[in-house]
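> Dropping a prediction and its sequence here:
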Amino acid sequence: MVYLKGILKELFPLLEDSSYSMYGSDYDQCGRVASEKRLYIALHYQIPTGFASDTEIVSFLYGSINREEYLRRAISEGFVERLFELLHHNIEKANQENAALSLKALYTVFLDSPYLKSFEDAVHGFFGFEPYRNIMWLTFAFIKDLDEKEQFLFDLLQNPRFLPITADISRRLLVQLGRIETDDPRLKEERWLSQEKGEEYLETWSDMVASELLDGGLADSIHASHIYFVFYRVSKEKTKQVFSKWINEELGIEKIAKVVGRCGSDSTNGPYAEISEDSLSELLDYQRLKKLADEELNNTNQPLSNYLKAIYLSILTGEKYYLNDATKGEKF
């Protein structure tokens with residue numbers, strides 16, 4: 001009887017009289033029953049709305065269901081967090097070809113989605129769930145054990161929609177090639193490509209970024225700043241070429257602002273701009289940029305979004321401003 005009570009308390013943590021639980025409040029992630037929905041899962045084969053099953057994840061990984069449709073359903077039915085939890089546990093069960101196809105489906109559905117944009121614009125706690133970070137973790141874990149790294153990495157460069165994830169790959173290559181210093185011994189030893197192929201990858205990637213900035217819609221992407229911060233480390237010369245063209249265009253200041261403005265995010269008020277002359281002076285005429293920003297702030301002919309207002313204020317002052325409401329932030 002004592003053992004039976006122990007098992008019941010393990011499976012149903014709310015049976016405990018104490019308000020303390022070793023699982024915190026996240027019983028579902030720990031596989032414990034603390035709600036009617038979770039009990040339904042335990043008693044039935046059918047998975048109710050808002051949950052993902054191991055069987056479905058395996059079907060997704062092996063391509064026996066439409067991958068992109070399944071991911072869109074995860075977004076609409078609200079089980080994205082559970083989806084990523086199961087992917088982390090199960091992706092190694094798929095062969096490398098199916099795992100690669102599954103990752104590409106994630107990139108296709110999530111990277112430009114309103115769902116991801118809402119996460120990027122929101123205020124999150126330090127340990128909050130972030131879908132993009134999970135996509136990156138899955139990708140890096142896959143590459144680490146991949147036999148044909150070169151083929152997969154260069155294949156991603158064929159699709160401009162994958163630029164956000166190839167930006168993170170490019171940054172890791174910069175570390176591996178010694179162009180970004182690191183104290184992490186693991187990263188010092190890590191090699192995804194040879195020196196020659198690594199440089200070729202970065203050259204191809206930076207050409208694609210420059211093209212998408214000048215001729216595509218990359219400046220309007222939620223990932224524009226994320227990509228820019230890698231782009232200028234790969235090629236300051238190409239970055240200067242983009243900025244020199246924009247700064248002479250009628251709406252060029254807006255494009256520059258969108259690309260450089262999303263400098264970070266914190267748990268106080270979400271994404272913010274924190275732009276200094278030091279960070280941009282070698283890439284463009286910063287005094288001209290300040291003049292243009294001041295003109296935009298004083299232009300009464302058209303309303304200015306809080307997003308752009310925050311960036312222009314940061315350009316002028318070097319201070320931190322939140323993009324959601326253009327309020328001034330504090331330095332920590």
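Cool, the structure landed. Numbers count the residues shown, from 1 in each chain.

> In the chain, which helix is the longest?
Assignment by DSSP state H gives helix 195-215 as the longest helix of the chain.

> just checking, what packs against that helix?
Using 3 or more C-beta pairs under 8 Å, 6 or more residues apart in numbering; DSSP states H and E as the contact definition, the elements that helix 195-215 packs against are helix 149-156, helix 163-176, helix 224-234, helix 236-246. C-beta coordinates here come from the backbone N, C-alpha and C atoms, glycine included.

> Can you mark which positions in the last one are buried?
Within helix 236-246, the residues that count as buried by 16 or more other C-beta atoms under 10 Å are 238, 239, 242, 243, 246.

> Dump those to a markdown table, plus pLDDT and distance to residue 189.
Below are the buried residues of helix 236-246 laid out as a markdown table (pLDDT from 0 to 100; distance: C-beta to C-beta, whole Å):
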| residue | pLDDT | distance to residue 189 |
| --- | --- | --- |
| 238 | 98 | 30 |
| 239 | 98 | 30 |
| 242 | 98 | 34 |
| 243 | 98 | 36 |
| 246 | 97 | 40 |
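
> count of neighbours near the nearest residue to residue 244 once chain neighbours are set aside?
Distances taken as C-beta to C-beta, 6 or more residues apart in numbering place residue 284 nearest to residue 244, at 6.9 Å, with adjacent residues excluded. Residue crowding around residue 284 was assessed by other C-beta atoms under 10 Å; the count is 18.

> for residue 83, same thing?
Residue neighbour count, defined by other C-beta under 10 Å, stands at 22 for residue 83.

> ok but it is inside a helix, no?
Yes - under DSSP: H, G, I helix; E, B strand; the rest coil, residue 83 sits within a helix.

> Tell me how far it lies from residue 71.
With distances defined as C-beta to C-beta, to the nearest Å, the gap from residue 83 to residue 71 amounts to 8 Å.

> cool, residue 319 as well?
Counting by C-beta to C-beta, the gap between residue 319 and residue 71 amounts to 40 Å.

> For those two, indicate the residue with more neighbours.
residue 71 (21 against 16).

> Find the nearest non-adjacent residue to the more buried one, please.
Spatial nearest neighbour of residue 71, excluding adjacent residues (C-beta to C-beta, 6+ apart): residue 109 at 4.2 Å.

> which SS state does that neighbour fall under?
For residue 109, the assignment made with three-state DSSP gives helix.

> try the one 3 residues further on
Counting by three-state DSSP, the backbone at residue 112 sits in coil.

> who's in contact with it?
Shown in contact with residue 112 (C-beta atoms under 8 Å, 6 or more residues apart in numbering): 161, 221, 222.

> Export those residues to JSON lines and append columns for distance to residue 138 and pLDDT.
Output for the contacts of residue 112, formatted as JSON lines (distance: C-beta to C-beta, whole Å; pLDDT from 0 to 100):
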{"residue": "161", "distance to residue 138": "17", "pLDDT": "96"}
{"residue": "221", "distance to residue 138": "21", "pLDDT": "95"}
{"residue": "222", "distance to residue 138": "19", "pLDDT": "94"}
